[in-house]
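Trainee: Just a sequence and a predicted model for now, questions to come.
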Amino acid sequence: MIGWRGAGLRSAVLRGTLTGPAVTYGVIAVCCAVFVISPVSGINPVYGTGDALLTAQSLYFQRWGVIPAELLSSSPDTLLTPLTALFVHGSWLHLLGNMLFLYVFGAMAEERMGQLEFALFYLGCGYLALLAYAAANADSEQTLVGASGAISGVLGAFLYLFPKARVTSLFPFLFFLPLRFPAWIVLIFWFVLQGLAARGAGSGPGVAYLAHLVGFGIGFLYAWGRFRRTAAAIPEGSDTGQ
């Protein structure tokens, strides 16, 4: 389970603003709304059931997702798919997992960058991560969807900006015993796991681990280049949980 105490929102209130991490919450709201009304959710009666629903889902992914084999060799419209794909998810689990990570790590990163910069940063990381995956798998006709590349960028930026923030993790193999670690330990561990998974991943359907790695690297490098001359100010008592 992942939770966040709202350090960014508390900081905003102290400064006299009530907007809080509006981009983070806005992206979560849009992704959830898009998913619910899409054929993938399975709860929109417009798309029917059975074979009709499966056909609608396939057409939906092809329309809004990234198809590497077509991205750089088709019409200019396909160059927009790395953006539209950021708001499309393949299942309830895919959606909820991504949105939880964005909720936990996005708010503090947005608070540090500011809303406009964070929005551009988020879209840029997601676009470049999907583009890199497509370039590395140029012959693939598997559709790629999801905000994982963009959220991985947020994780990379968070690692640089708030390495000492405390992250509470629940490990299934330890009977969900809550343990607290600095963010740098948790996020580097996550990055290593993604790297190991990417090495063992095939070219068929599955998780685009390469997009995660690229997004994370872009996010970290951006934060380093943008904020290396200023110390990261972590609100007193800030805490995240995973």
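Mentor: That came in fine, so what should we check first?

Trainee: The residue nearest the centre of the chain sits in which helix or strand?
Mentor: Taking C-alpha atoms, centre = their mean, the centroid of the chain lies closest to residue 151, which sits 2.3 Å from it. Per DSSP states H and E, residue 151 falls inside helix 148-161.

Trainee: Just the CA trace of that helix, in CSV.
Mentor: What follows is helix 148-161, C-alpha atoms only, in CSV (Å, rounded to 0.1, in the frame of the first residue of the first chain):
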residue,chain,number,x,y,z
SER,A,148,4.9,4.6,-16.6
GLY,A,149,7.7,6.4,-18.5
ALA,A,150,6.5,9.8,-17.3
ILE,A,151,6.1,8.6,-13.7
SER,A,152,9.5,7.0,-13.8
GLY,A,153,10.8,10.5,-14.7
VAL,A,154,9.1,11.8,-11.6
LEU,A,155,10.8,9.1,-9.5
GLY,A,156,14.2,10.0,-10.9
ALA,A,157,13.7,13.7,-10.1
PHE,A,158,12.5,12.8,-6.6
LEU,A,159,15.6,10.8,-6.0
TYR,A,160,17.8,13.8,-6.8
LEU,A,161,15.5,16.4,-5.0
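
Trainee: by contact count, what packs against that helix?
Mentor: The contact analysis (3 or more C-beta pairs under 8 Å, 6 or more residues apart in numbering; DSSP states H and E) places helix 148-161 against helix 92-113, helix 115-136, helix 183-200, helix 209-227. Quick note: C-beta positions are derived from backbone N, CA and C, even for glycine.

Trainee: Now do the second one, average pLDDT.
Mentor: This means helix 115-136. Taken as a whole, helix 115-136 has a mean pLDDT of 96.

Trainee: again, but for the last one
Mentor: Averaged across helix 209-227, pLDDT comes to 94.

Trainee: Quick one: distance of that helix to the chain centre.
Mentor: Taking the mean of its C-alpha atoms, helix 209-227 sits 12 Å from the chain's own mean (C-alpha atoms, centre = their mean, to the nearest Å).

Trainee: Restrict it to CA atoms and write it as PDB.
Mentor: The C-alpha trace of helix 209-227 is given here as PDB (Å, rounded to 0.1, in the frame of the first residue of the first chain):
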ATOM      1  CA  TYR A 209      10.900  -1.800 -18.700                       C
ATOM      2  CA  LEU A 210      13.200   0.100 -21.100                       C
ATOM      3  CA  ALA A 211      10.800   3.100 -21.000                       C
ATOM      4  CA  HIS A 212      10.900   3.000 -17.200                       C
ATOM      5  CA  LEU A 213      14.700   3.200 -17.200                       C
ATOM      6  CA  VAL A 214      14.900   5.900 -19.800                       C
ATOM      7  CA  GLY A 215      12.200   8.000 -18.000                       C
ATOM      8  CA  PHE A 216      13.900   7.600 -14.700                       C
ATOM      9  CA  GLY A 217      17.300   8.600 -16.200                       C
ATOM     10  CA  ILE A 218      15.800  11.700 -17.900                       C
ATOM     11  CA  GLY A 219      14.000  12.800 -14.700                       C
ATOM     12  CA  PHE A 220      17.200  12.400 -12.600                       C
ATOM     13  CA  LEU A 221      19.400  14.300 -15.100                       C
ATOM     14  CA  TYR A 222      16.800  17.000 -15.500                       C
ATOM     15  CA  ALA A 223      16.600  17.600 -11.800                       C
ATOM     16  CA  TRP A 224      20.400  17.500 -11.500                       C
ATOM     17  CA  GLY A 225      20.800  20.100 -14.300                       C
ATOM     18  CA  ARG A 226      18.000  22.300 -13.000                       C
ATOM     19  CA  PHE A 227      18.500  22.200  -9.300                       C
END
